[in-house]
Structure formats: C-alpha cells, structure tokens
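Enquirer: For reference, the sequence and a predicted model appear below.
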Amino acid sequence: MTLDSKIPEGRLEDKWKNYQAKSHLINPANKKKLQIIVVGSGLAGAGAAATLAESGYEVQCFCYQDSARRAHSVAAQGGINAAKNYQHDSDSVWRMFYDTIKGGDFRSREANTYRLAELSAPLIDHFVQQGVPFAREYGGVLANRSFGGVQVQRTFYARGQTGQQLVLAAYSQLSKMIRAKKVTMLPRHDVLDVVVINGKAKGVIVRDLETGAIKRFAADALVLATGGYSRVFRLSTLAIGCNGSAIWKAHKRGAYFAAPSFTQIHPTALPQTSDAQSKLTLMSESLRNDGRIWVPKQKDDPRKARDIPEEARDYYLERRYPSYGNLAPRDIASRAAKERIDGGYGVGPLKNAVYLDFKHAINKLGKDLIEDKYGNLFTMYEKITGINAYQEPMKISPAAHFSMGGLWVDYELMTTIPGLYAIGECNYSDHGANRLGANSLLQTSIDGYFILPNTINNYLEGELRERHPGVDHPEFSKVEAEVQAQINNILSIKGTRTTDDFHRELGKVMWQECAMSRNKLGLEHAIVQINHIKREFWKDVKVTGSAHEMNPELEKALRLADFIELAILMCTDALQRDESCGAYFREEYQTEEGEAMRNDKDFSYVSVWEYDAGNFKLHKEALEFEYVQPTVRSYK
C-alpha cells in the first residue's frame, strides 16, 4: 500500500483553505441517509458527534463510561494553546507552528502542524461562545499563561480544570443532539472489534458492559476517538479504564500504526509510593510557571526542604537551560529529573522525586494571587499527600502520560482503512516525537469540531451511491464469532495469576526498557520478556465471573491482551530507530552533555507499521520540510 498523506497544494498558509475550496459537499437531505459511528465521547468524540449530527448525519456514539461526560479529557488541567497574541509578546500562527514542530523535534508533517496553529484562534472563540469560563484579566480580556517549550504566553485556562470545563461545553452540545434524536448515545458499551467489508470500515462489534451481551452496529463510516495508550506502562497519569484496544483491533484489521514508541513522560506527577498503586496523579504543568524545581546539592540529604538553605539547592533546570528554565519542554524536564534521581539526589521516602517550590513566587506575588491561579491544584495535592504546598514544596516525579504515536492518518484524518478515521490522541498527526504542553486539548478539539466535519464528506459523498451493508452481512457474523471465541478462551484458562499481576509485570518491563530512555540490549531483552509474559498470560491468567454479566475482570483481561501485543510493537519500533529525538531517547545517541542526538539523514520519516499475522512490516512516510529547516533542538 502506498502511503498517500493527501497534503493539498499551495503555500503552507493556504493549504487548508485550498483543501476546503475543493472538497466535496453533501446536501442535508442526503446526509440523513448516512450513518456514522463515533467511538469515544471526550473532546474529540463529543465534538465530532455533535458537529456531524448538527450538519445532518445520523450518529451513534459509544463510550465505556457510565456517562459521556466522564471521558478522560476532564483530567487535562493546565490549559489550551491558541495564537491570539493577547499579551502582545510577538506571538503568531507562524511562531506557534514553529514552536510545535520544533517541540516535536521535526518528526511531524508541516501541513498538519501548521493547520493546528491556524485553527487555534477560532477554537477559543468557539469555546467562549459555548460558555467556557476561561480566566480573564481585570478588564475582561481572556488571560494567558506559559507552558513548557515556548517563550510567549498563549495558554488559555480555567484555573486548573480546563479539560473539565471544555468537556462540559462539548457535552452540552452532544446532549442537544441526543435530545434532538440526531445522536444515539450508548454508554457502558465497549467496542471489541472493527468490521471491514470489501476493504472499507462498515461497523463494530460491541460488548454491553452491564449485561455482557455482544452486539453489532453498522455504519457508513467509523470514527475512533479513544485517546491514548500509556496504560501499557500500567502506572500512568491516565484513568484506569483508558486503553488502546479499539485502535489495536483496527490495526489488526488493516489500519497502519505510526510511531508507537513515541510516548511522553510528564515531568510533574506525584511520585509512586508503593507497588500496590494502580495509577499516578498528574499535577498540571502550569505549576511550572511560578514554581521552581530543585533538588539538594548533597546526595541523600536527610534534611527537610525548608531546612536546606538556598546555597545548598540545585535549581537544575535553570542551571542547564537558562533560556527556558523551569519551562523547558516536558521530555527535557523529565529526563533531567530522572538524571538527578538516578544520581542519588532524589527526595521523598523512596528518593524518587524532586521538589516543586512556590516559596519565591509567594514571597514576590503573594499567597492570594498564587491561590487564585492554582488553588484547586494545591487543594488536590493536600488531599492526596497531607502536605500544604503553600508552606513546603510539592514532591513531583516523571510519569507516563501522552501518546504521540497512534494510528497513521492522512491530512483528512483517515487511516489506511477507507472509511475509518482516527481523531485526537489516538492518531499520529501533529506532535511528532514530543507534544508541547496545552496542545493536547487543542488537537483533540480541533480534530473533532473543525477538521473531521470538513474532511469526512469527501469519503461519504462516494458512499451515497454504494450499497449499505447491514448487521446481517456474513462479515459481521465472522468478526462476532472471533470476538466471542477470544472471550471464551480467556474465561476457560482458569489459571493462578490475576490480570493485575501480569499488567504489573508488563509495566515494569516497559518502564525500565521503553520509557524515558532506551538502549539496544534493553529493547531486545524487553521483547523476549514480553513474549514470555504473553505465553504465560494465555496459560495462567485467572478471570473470575462469566461473560454474561458485568465483569470488570474480563474487561481488564481483554485490554491487557491488547496491551501485551502493543508493547511488542512499541519495542520493535524503538529498536529500529537509531537516534534520539524528542521524548524518544536512545542512550547510544546523545551528546557529551546528555542531550538528544537526532539523525535527520537516516531517520527523517514516520515509522508506519503494518500488522501481518503476529508480525510487523515497516513502511516509511518521508518527512519533507519546505518551510522550516530542521535544526539542533536547543533550549539553552
């Protein structure tokens, strides 16, 4: 298969306008004849479902949560980027585009990345019109703050709950379409496989999580908006239910997977406290605007933070990256923290954290202003740790967070399966090898609200003249039988080890060998270990209960089966890339100062993987830079 990115002609700033001018249209009467399935109800899914329904399509929207508004987009705290230049600090669409493509270490498409920046300003207007209570200056103008990897203020925010407020806005639009009977909402339904007929995506096989019933749903196009897959590490900032199963099943049906090893480690999570933990808690990156990160200069310093004098503190980000300081990009801040922790300078009971200190900001700005900007985050921190961060520093640590990799999509956000689209975090589209903070809410919203509703018409216009296979088509029976066989297989093993036990073992291997830093021997060893875990899982997993009831243990086992296979692909992808770039760091390829050493000559491409009966075949999408010149990514 030839990878056709479908990038429009013309100047960079004209490509999206040129695309829209030439795209096909479908009149509202014909849209009523077409069905679209949207899987996921976060910002991407809810935005897409509501917008597509408003334009006339019949939409079915699925989520595994008990309510669409519980999608994981609510967890994004710090803000959403837009190039509005409200601060008059020389921001622009071009500067935002360049910050983003540089932040991703020149491993994303120019056209997609520019479109992200171009559509950012109208998206803020869109959310304001929906009633999102963005923070405002005294005079009423929307406020901005900075995030890592930039030297301007372009992040719009609603205290420390921006994601939640945006989801409420999207949910209100979705609810309007549900009430109008243009969207059929199906919560507590888990998509277990994709049905492909004559090479086109035509439906899904779903498990009703309350009754265990297996159901079939047909449509003319299928949209996946299912988020990221960092739960492959088990301990991550993601909710426990987050998973990569839908995109993994699509991959096995023919959708190519791009850059699976490009996963982001967030620098400001709460540190792990025990092996019994199931997830880690994210503290917003926005805290790095006013908080200063440091460790003691003395190894294993036994003193409390407030007893360590200034001259005995190492503000290592400010020391190593004076231009950006505490606002260095996430990958750099995370690796720097790991280097200090591994070097014996870590703090906390397990010596696995660094300090995030607001003493200087409070002394300079006053507690009231800090409380106004970050109060709910400080409250959350105290509820979890019992520590008042106004009086002593927070303890933070790197944690698995965002997936830059995902299903390969073209400029239209369509995968290599015609009729199957991937939007939001589950695609590989805009971020390259590292996502800048506050670009996540931006991408997922733009994909759902602005891009997909303009691109899906090109495909569906042709489907009007085609037959519409129903759920009685033999392919639905075949895929449903395969799904049922896997469920029966897992339940019949009746082994001695729980799913959590296997997931804990997988997570340790992935965190050690395929997280913040990797090396050739470690990755080769990891593949051997994961294959061993896979064999043991299918021999010795213990799943209680039955298939015909609400069964969380079965849900976890089905997802872990997919995570295990995904983990092998992640390590395979990492093994073939002999360079360091962005969040992808190979220990063999670094400068004398420990910085990433990119290899544009041999690796300026997106690694795109085809599933082949348990094996993976590599394809390459060459990255061509017409408007920017890849440079050494320096934040010093």
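Expert: On my side now, so go ahead.
Enquirer: Which strand or helix spans residue 398?
Expert: Using DSSP states H and E, the element containing residue 398 is strand 394-403.
Enquirer: check contacts around the nearest residue to residue 64 once chain neighbours are set aside.
Expert: Closest residue in space to residue 64, ignoring its immediate chain neighbours: residue 190 at 4.7 Å, by Cβ to Cβ, 6 or more residues apart in numbering. Bear in mind the C-beta positions are built from the backbone N, C-alpha and C, glycine included. By Cβ atoms under 8 Å, 6 or more residues apart in numbering, the contact set of residue 190 is 64, 206-207, 209, 245, 555.
Enquirer: and the residues you listed, which of them are in helices?
Expert: In this view, the contacts of residue 190 that belong to helices under DSSP state H are 245, 555.
Enquirer: Can I get the contacts of residue 190 in a markdown table including distance to residue 18, pLDDT and neighbour count?
Expert: Formatted as a markdown table, the contacts of residue 190 follow (distance: Cβ to Cβ, whole Å; pLDDT from 0 to 100; neighbours: other Cβ atoms under 10 Å):
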| residue | distance to residue 18 | pLDDT | neighbour count |
| --- | --- | --- | --- |
| 64 | 39 | 96 | 25 |
| 206 | 39 | 98 | 24 |
| 207 | 43 | 98 | 25 |
| 209 | 44 | 98 | 20 |
| 245 | 37 | 98 | 22 |
| 555 | 45 | 97 | 19 |
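Enquirer: and which of the contacts of residue 190 is nearest residue 605?
Expert: Within those, distances to residue 605 taken as Cβ to Cβ reach their minimum at residue 245, with 27.6 Å.
Enquirer: In contact with the closest one, which residues are there?
Expert: Residue 245 makes contact with 190-192, 226, 558-559, 562, according to Cβ under 8 Å, 6+ apart.
Enquirer: State the distance from it to residue 570.
Expert: 15 Å (Cβ to Cβ, to the nearest Å).
Enquirer: all strands for the stretch 251-400 of the chain, in order.
Expert: 257-258, 263-269, 292-296, 313-314, 354-357, 394-403 (DSSP state E, counting those that start in this stretch).
Enquirer: Check the offset of the fourth one from the chain's centre.
Expert: Computed by Cα atoms, centre = their mean, to the nearest Å, the separation of strand 313-314 from the middle of its chain amounts to 33 Å.
Enquirer: Who are the contact partners of residue 165?
Expert: The contact partners of residue 165, by Cβ under 8 Å, 6+ apart, come to 132-133, 158.
Enquirer: I meant residue 195, not that one.
Expert: Residues near residue 195 by Cβ under 8 Å, 6+ apart: 201-205, 216, 218, 473, 475-476, 479.
Enquirer: Residue 523 now?
Expert: By Cβ under 8 Å, 6+ apart, the contact set of residue 523 is 513-514, 571, 574-575.
Enquirer: Among these, which pair sits farthest apart?
Expert: So, those by Cβ to Cβ: farthest apart are 513 and 575, at 10.2 Å.
Enquirer: of the two, who's got more company?
Expert: residue 513 (23 against 19; other Cβ atoms under 10 Å).
Enquirer: any idea whether the nearest residue to residue 551 once chain neighbours are set aside is helix, strand or coil?
Expert: Once flanking residues are discounted, residue 551 sits nearest to residue 545: 4.2 Å by Cβ to Cβ, 6+ apart. Secondary structure, DSSP: H, G, I helix; E, B strand; the rest coil: residue 545 is coil.
Enquirer: pretty sure residue 545 is touching residue 555, no?
Expert: No - with contact defined as Cβ atoms under 8 Å, residue 545 does not reach residue 555; the gap is 10.4 Å.
Enquirer: The nearest residue to residue 556 once chain neighbours are set aside - how many residues pack around it?
Expert: Nearest non-adjacent residue to residue 556, counting by Cβ to Cβ, 6+ apart: residue 499, 4.5 Å away. When neighbours are defined as other Cβ under 10 Å, residue 499 has 22 of them.
Enquirer: Repeat that for the one 5 residues further on.
Expert: Other residues near residue 504 come to 16 when the count uses other Cβ under 10 Å.
Enquirer: Checking it next. Helix, strand or coil?
Expert: Going by three-state DSSP: residue 504 is helix.
Enquirer: Sketch out the helices for the stretch 301-450 of the chain, chain order is fine.
Expert: Secondary structure of the stretch 301-450 of the chain (DSSP state H, counting those that start in this stretch): helices at 316-320, 330-340, 359-365, 367-385, 440-446.
Enquirer: if I look at residue 431, how far off is residue 499?
Expert: Residue 431 is 31 Å from residue 499, by Cβ to Cβ.
Enquirer: right, I mislabeled it, should have said residue 66
Expert: Using Cβ to Cβ, residue 66 is found at 21 Å from residue 499.
Enquirer: Output the below-cut-off pLDDT ranges for the protein.
Expert: Counting by pLDDT under 70, the chain contains no low-confidence segment.
Enquirer: so what's residue 185 bridging to?
Expert: For residue 185, the beta-bridge partners under DSSP bridges are residue 61.
Enquirer: my guess is residue 149 meets residue 103, correct?
Expert: Yes - using Cβ under 8 Å, residue 149 is in contact with residue 103, at 4.5 Å.
Enquirer: residues shared between the contacts of the two?
Expert: Overlap of the contact sets of residue 149 and residue 103 (by Cβ under 8 Å, 6+ apart) consists of 329, 436.
Enquirer: residues near the residue nearest to residue 82 when sequence neighbours are not counted, how many?
Expert: In space, and not counting its chain neighbours, residue 82 is closest to residue 120: 3.9 Å by Cβ to Cβ, 6+ apart. Using other Cβ under 10 Å, residue 120 is surrounded by 25 other residues.
Enquirer: measure residue 120 to residue 126 for me?
Expert: Residue 120 is 11 Å from residue 126, by Cβ to Cβ.
Enquirer: Identify the bridge partners of residue 197.
Expert: Beta-bridge pairing of residue 197 under DSSP bridges involves residue 200.
Enquirer: Please list all residues in contact with it.
Expert: By Cβ under 8 Å, 6+ apart, the contact list for residue 197 reads 203, 469, 473, 475.
Enquirer: which one of these has the most neighbours?
Expert: Neighbour-wise, the contacts of residue 197 (other Cβ under 10 Å) top out at residue 203, 25 neighbours.
Enquirer: could the contacts of residue 523 be laid out in a markdown table, adding secondary structure and distance to residue 457?
Expert: Output for the contacts of residue 523, formatted as a markdown table (DSSP: H, G, I helix; E, B strand; the rest coil; distance: Cβ to Cβ, whole Å):
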| residue | secondary structure | distance to residue 457 |
| --- | --- | --- |
| 513 | helix | 44 |
| 514 | coil | 39 |
| 571 | helix | 39 |
| 574 | helix | 38 |
| 575 | helix | 40 |
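Enquirer: out of these, who's nearest residue 4?
Expert: Nearest to residue 4, judged by Cβ to Cβ, of those is residue 574 at 26.4 Å.
Enquirer: Pull the number of nearby residues for the closest one.
Expert: Applying other Cβ under 10 Å, I find that residue 574 has 26 neighbouring residues.
Enquirer: Please apply the same query to residue 62.
Expert: 26.
Enquirer: ditto for residue 137
Expert: Applying other Cβ under 10 Å, we find 11 residues neighbouring residue 137.
Enquirer: how about residue 13, what does it touch?
Expert: Residue 13 sits next to 93, 114, 118 when contact means Cβ under 8 Å, 6+ apart.
Enquirer: Neighbour-wise, which one of those residues leads?
Expert: In terms of neighbours by other Cβ under 10 Å, the contacts of residue 13 top out with residue 114 at 24 neighbours.
Enquirer: any residues touching the helix or strand encompassing that residue, and which ones?
Expert: Using DSSP H and E, residue 114 sits in helix 110-118. Residues outside helix 110-118 that contact it (Cβ under 8 Å, 6+ apart) are 5, 7-8, 12-13, 15-16, 83, 93-94, 96-97, 100-101, 104, 411, 429-430, 432, 439, 442-443, 446, 451, 624-628.
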